[in-house]
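A.B. asks: Sequence first, predicted model second:
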Protein chains: 2
Amino acid sequence: MAGKDRAQESGQGLGKSGHLDFPRPLTTVDVVIFSISGDKLQVLLVQRPAGEGEPFPLLLALPGGFVDVAKDRDLAACAARKLKEKTGVTSPYLEQLGSWGSASRDPRGWSATHAYFALIPAEASVLTPDARWCPIHGGRLKEKLAFDHGDILASAIQRLRNKVEYTSLPAYLMPAEFTLPDLQRVYEIVLDRPLEKSAFRTRILSADMIEPVAKMRRGPNRPAQLYRLKKSSEPVYFVRTFNPPE
Amino acid sequence: MAGKDRAQESGQGLGKSGHLDFPRPLTTVDVVIFSISGDKLQVLLVQRPAGEGEPFPLLLALPGGFVDVAKDRDLAACAARKLKEKTGVTSPYLEQLGSWGSASRDPRGWSATHAYFALIPAEASVLTPDARWCPIHGGRLKEKLAFDHGDILASAIQRLRNKVEYTSLPAYLMPAEFTLPDLQRVYEIVLDRPLEKSAFRTRILSADMIEPVAKMRRGPNRPAQLYRLKKSSEPVYFVRTFNPPE
DNA sequence: TAAGTAAGTTGGACTGTACAACTAACTATG
DNA sequence: CATAGTTAGTTGTACAGTCCAACTTACTTA
């Protein structure tokens, strides 16, 4: 026989009955939900419960929880459900970030979490009482998080920054209508560095991702053209990054 | 109390005893191992066992298996172990690809796999008898795979192509010493399109990722300079993609 | 009416790719 | 021994898009 049993490969027995009677890791899904408000990148966090036997009581954590094999068809549905429960938002940008699994990350035993990251416009959300936005200063969060959620968040921030360098991801952080300077500001907030105005405009406008609406944003100075996202839903990939610093 | 119990959030009870007595998904790790040989991108596959109760008997599948909570400290270690077992290679390029989990992907029950992808030089490997290299034609594999491994492989190919467009990843597919035209050929094999010679050379040489060795590759025509990878281990990210087709 | 401010445009310098023609170094062949 | 063939590697012009900086435009406020 060419192949070996998958369970046996791991040194674990598969009984003749077909039972898979070896210990299984805990399986969770966590979601890193980003938004922009107050000129800051913000992440949605919830407080851990204080009950008996609860790990990391009262610490902040990413919203998430165990996969419910009866309720969740797949991982993405589970992540979307958790996002919906916490923010009320249903169709945001939702991307898988990666998975973290080890013997030590959860004191209750070997566990693996599937992490997702979502981008939503701040105004679109109606939070549950236990959830709140926490600002990210200089690419870092001040608070210490439960489990390895600090690592996961750091990884999400890095991924976001990386992709913002050469994609239209920030568009998903914008309200329905926005101006080009608004969008540029969001890019600058995420990247934490200024971008060049004319190159930015050229790039975005030639990407065919937004369209002008017949309105201007009026303010104390020259009015700005309002735009909205085209209905493409897919992010745009640019062939260059913005001029990287250094 | 601000937070709710993670298990309760999923509608699952956490007993007062602290037991986590609800059904857990199966947890596996699979590895997509790429290599180049015969001017083709190749992926390492193993044949599924034919035993009773075995899903997808005799079909080809990605090497992988259940996480062993006693043996595997974390997911990456588990992936590295599987790579080592199948190919003997210990320090390749190994990156997490993503995770796939659903009620339906494994007939034995709700399961989630953590997929990794690895790049190794073909000559570096000593395969176990059940493993073999399968060529990828035009970005696709001919054979049908077990589970959702076809999806996972397609995703790995797409990720590889994407990254090859703007990183030095193909360097990890090269033998210890290679020429610039060798490297270009590998880029072209993965991208499945020709690249421009002078731009390719400029880009690679200015990336400071390889260094010449004091030898030439001799053949039936003009000798070519041999190079080797510098000991950086980290891949290089270019600020532009190669000129994309279309 | 002038000053202030942010929106949006314009033009020259620069960087790196695209394309194509070129030179260089070797082998094989008549 | 000369010449054709092949691949390595270079060079030069065109072009695209960013960088930088100055400029015009449209509005508010004093």
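C.D. replies: Sure thing, it's come through. Residues are numbered from 1 along each chain as shown, chains lettered A, B, ... in the order given.

A.B. asks: what helices or strands is the longest helix belonging to chain A leaning on?
C.D. replies: Longest helix of chain A, by residue count under DSSP state H: helix A:149-164. Applying 3 or more Cβ pairs under 8 Å, 6 or more residues apart in numbering or on different chains; DSSP states H and E, one finds that helix A:149-164 makes contact with strand A:26-37, strand A:40-47, strand A:93-102, strand A:111-119, helix A:180-191. C-beta coordinates here come from the backbone N, C-alpha and C atoms, glycine included.

A.B. asks: Just put those in JSON lines and tack on distance to DNA strand D and mean pLDDT.
C.D. replies: What follows is the helices and strands packed on helix A:149-164, written out as JSON lines (distance: least, Cβ to the nearest atom of the strand, whole Å; pLDDT from 0 to 100):
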{"stretch": "strand A:26-37", "distance to DNA strand D": "22", "mean pLDDT": "96"}
{"stretch": "strand A:40-47", "distance to DNA strand D": "21", "mean pLDDT": "95"}
{"stretch": "strand A:93-102", "distance to DNA strand D": "22", "mean pLDDT": "97"}
{"stretch": "strand A:111-119", "distance to DNA strand D": "22", "mean pLDDT": "97"}
{"stretch": "helix A:180-191", "distance to DNA strand D": "11", "mean pLDDT": "97"}
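
A.B. asks: Is the residue nearest to the spatial centre of chain A bridged to anything, and to what?
C.D. replies: Nearest to the mean C-alpha position of chain A, by Cα atoms, centre = their mean, lies residue A:117 at 1.9 Å. For residue A:117, the residues forming beta bridges with it (DSSP bridges) are residue A:32, residue A:95.

A.B. asks: What of residue A:61?
C.D. replies: residue A:46.

A.B. asks: so who does it touch?
C.D. replies: Contact analysis of residue A:61 by Cβ atoms under 8 Å, 6 or more residues apart in numbering or on different chains lists A:30, A:45-48, A:145-147, A:149, B:3.

A.B. asks: Recalculate using a threshold of 10 Å.
C.D. replies: Counting by Cβ atoms under 10 Å, 6 or more residues apart in numbering or on different chains, residue A:61 makes contact with A:30, A:45-49, A:55, A:145-147, A:149-150, A:152-153, B:3, B:6.

A.B. asks: Ok, residue A:73 next?
C.D. replies: Contacts of residue A:73 (Cβ under 10 Å, 6+ apart): A:81, B:101-104, B:110.

A.B. asks: So which of those wins on neighbours?
C.D. replies: Neighbour counts for the contacts of residue A:73 peak at residue B:101, which has 30 neighbours (criterion: other Cβ atoms under 10 Å in any protein chain shown).

A.B. asks: Identify the residue nearest that residue in space, chain neighbours excluded?
C.D. replies: Excluding the flanking residues, the one nearest residue B:101 by Cβ to Cβ, 6 or more residues apart in numbering or on different chains is residue B:112, at 3.0 Å.

A.B. asks: One more: residue A:240?
C.D. replies: Nearest to residue A:240 is residue B:240, by Cβ to Cβ, 6+ apart, at 4.7 Å.

A.B. asks: Can you go through the contacts of residue A:61 and name the buried ones?
C.D. replies: A:30, A:45-49, A:145-147, A:149-150, A:152-153, B:3, B:6 (16 or more other Cβ atoms under 10 Å in any protein chain shown).

A.B. asks: Residue B:71: which of those residues is nearest?
C.D. replies: Distance to residue B:71, by Cβ to Cβ, is smallest for residue A:147 among the buried ones among the contacts of residue A:61, at 22.3 Å.

A.B. asks: Check which helix or strand the nearest residue to the closest one once chain neighbours are set aside maps to.
C.D. replies: Closest residue in space to residue A:147, ignoring its immediate chain neighbours: residue A:105 at 5.6 Å, by Cβ to Cβ, 6+ apart. Using DSSP states H and E, residue A:105 falls within no helix or strand.

A.B. asks: so what's residue A:105 up against?
C.D. replies: Neighbouring residues of residue A:105 by Cβ under 10 Å, 6+ apart: A:26, A:28, A:55, A:111-113, A:147-149, A:151-152, B:74.

A.B. asks: any idea what sits nearest residue A:152, other than its immediate chain neighbours?
C.D. replies: Nearest non-adjacent residue to residue A:152, counting by Cβ to Cβ, 6+ apart: residue A:115, 5.0 Å away.

A.B. asks: and that neighbour, how many neighbours does it have?
C.D. replies: Neighbour count for residue A:115, taken as other Cβ under 10 Å: 25.

A.B. asks: okay but it is in contact with residue A:82, surely?
C.D. replies: No: taking contacts as Cβ atoms under 10 Å, residue A:115 lies outside contact range of residue A:82: 11.2 Å.

A.B. asks: Now for the two: what residues contact both?
C.D. replies: A:28-31, A:62, A:64.

A.B. asks: Next, residue A:109: secondary structure please.
C.D. replies: Assigned with DSSP: H, G, I helix; E, B strand; the rest coil, residue A:109 falls in the coil class.

A.B. asks: How much space separates it from residue B:25?
C.D. replies: Using Cβ to Cβ, to the nearest Å, we find residue A:109 at a distance of 14 Å from residue B:25.

A.B. asks: Outline the domain layout of chain A.
C.D. replies: Annotated domains of chain A cover A:24-164, A:169-229 [automatic domain parsing].

A.B. asks: For residue A:80, grab the count of nearby residues.
C.D. replies: Neighbour count for residue A:80, taken as other Cβ under 10 Å: 21.

A.B. asks: what helix or strand does it sit in?
C.D. replies: Here residue A:80, judged by DSSP H and E, is contained in helix A:75-87.

A.B. asks: Next, the buried residues of that helix.
C.D. replies: Buried-residue list, helix A:75-87, by 16+ other Cβ under 10 Å: A:75-83, A:86-87.

A.B. asks: what angle sits between it and strand A:26-37?
C.D. replies: Relative orientation of helix A:75-87 and strand A:26-37, computed by axes from the mean of the first three to the mean of the last three Cα atoms, to 10 degrees: 50 degrees.

A.B. asks: How about helix A:75-87 and chain B, any contact?
C.D. replies: Yes: Helix A:75-87 comes into contact with chain B (Cβ under 10 Å from any Cβ of the partner chain), by way of A:75-78, A:81-82, A:85-86.

A.B. asks: could I get those as CSV with distance to DNA strand C and pLDDT?
C.D. replies: CSV is the format used below for the residues of helix A:75-87 next to chain B (distance: Cβ to the nearest atom of the strand, whole Å; pLDDT from 0 to 100):
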residue, distance to DNA strand C, pLDDT
A:75, 37, 97
A:76, 35, 95
A:77, 39, 95
A:78, 40, 95
A:81, 38, 92
A:82, 36, 89
A:85, 36, 89
A:86, 32, 84
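
A.B. asks: Out of those, the closest to chain B would be?
C.D. replies: Nearest to chain B among the residues of helix A:75-87 next to chain B, counting by Cβ to the nearest Cβ, is residue A:75 at 4.1 Å.

A.B. asks: wait, doesn't that closest one sit right on residue A:67?
C.D. replies: Yes: in this structure residue A:75 lies within contact range of residue A:67 using Cβ under 10 Å: 7.3 Å.

A.B. asks: who's in contact with residue A:100?
C.D. replies: By Cβ under 10 Å, 6+ apart, the neighbours of residue A:100 are A:28, A:30, A:111-115, A:147-149, A:151-152, A:155, B:74-76, B:96, B:114.

A.B. asks: now do 7 Å
C.D. replies: By Cβ atoms under 7 Å, 6 or more residues apart in numbering or on different chains, the contact set of residue A:100 is A:112-113, A:115, A:148, A:151-152.
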